[in-house]
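**Student:** Let me see the structure of the following:
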Amino acid sequence: MGNLRKVGKKMNKVILIGRLTKDVELRYTQTSNTAVASFTLAVNRRIAKEGEERKADFFNIVVWNKLAETASKHLNKGMQVGIVGNIQNRFWETEDGTKKYITEIIAEEVEFIDSKRREELDPSILTRPVGTSNQNVEENINESFDNGDDLPF
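**Tutor:** Next up, the predicted model:
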């Protein structure tokens, strides 16, 4: 128990390294024109059974504001990136009454891992924009669903 330390009442932090399974999709919310990007990250599992191919888990990543626009310009299918963020579950109901559920990683930071691509760009290009907080992200998410949209992207 030497590694345990006292933390605040909440802890929700995720760090992932993986490859994009497709190009980034950039959209803007209808009510506030806020940029929101999404992509799927494939993360290899650390352990594979002998004789079996290593498996991967796939995570839905969502990026907001200026970081979303930057990610859409510089990230492509197959690139390896590191993500720091938090897990969020969302529920909504479609027009036909079907209940939908999704688990997403809300990215606060995105880092290039591919060395060639990283060398081409300013290392500070993908960082959390000043003034962006989880509270702002939550407000944008709530705003985009309050107007009856199924998804903001």
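**Student:** so who does the nearest residue to Leu75 once chain neighbours are set aside touch?
**Tutor:** Take Leu75 and drop its neighbours on the chain: the residue closest to it by C-beta to C-beta, 6 or more residues apart in numbering is Val24, 5.0 Å away. No exception for glycine: its C-beta is placed from N, CA and C like everyone else's. Going by C-beta atoms under 8 Å, 6 or more residues apart in numbering, Val24 touches Ala37, Ser38, Phe39, Val63, Ala71, Ser72, Leu75, Asn76.
**Student:** between these, which is nearest Lys99?
**Tutor:** Ser38 (20.7 Å; C-beta to C-beta).
**Student:** if I pick Gly85, what's in contact with it?
**Tutor:** Counting by C-beta under 8 Å, 6+ apart, Gly85 touches Lys13, Val14, Ile61, Ile105, Ile106, Ala107, Glu108, Glu109.
**Student:** ok, 6 Å please
**Tutor:** Val14, Ile105, Ile106, Ala107, Glu108 (C-beta atoms under 6 Å, 6 or more residues apart in numbering).
**Student:** What about the residues you listed, which are in helices?
**Tutor:** Of the positions in these, not one sits in helices, assigned by DSSP state H.
**Student:** Apply the buried test to the residues you listed and list what passes.
**Tutor:** Buried by 16 or more other C-beta atoms under 10 Å: Ile105, Ile106, Ala107, Glu108, out of the contacts of Gly85.
**Student:** Now the contacts of Gly85 in JSON lines, please, with extra columns for pLDDT and distance to Gly51.
**Tutor:** Formatted as JSON lines, the contacts of Gly85 follow (pLDDT from 0 to 100; distance: C-beta to C-beta, whole Å):
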{"residue": "Val14", "pLDDT": "96", "distance to Gly51": "31"}
{"residue": "Ile105", "pLDDT": "97", "distance to Gly51": "31"}
{"residue": "Ile106", "pLDDT": "97", "distance to Gly51": "37"}
{"residue": "Ala107", "pLDDT": "97", "distance to Gly51": "35"}
{"residue": "Glu108", "pLDDT": "95", "distance to Gly51": "39"}
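**Student:** Perfect, I'm done here.
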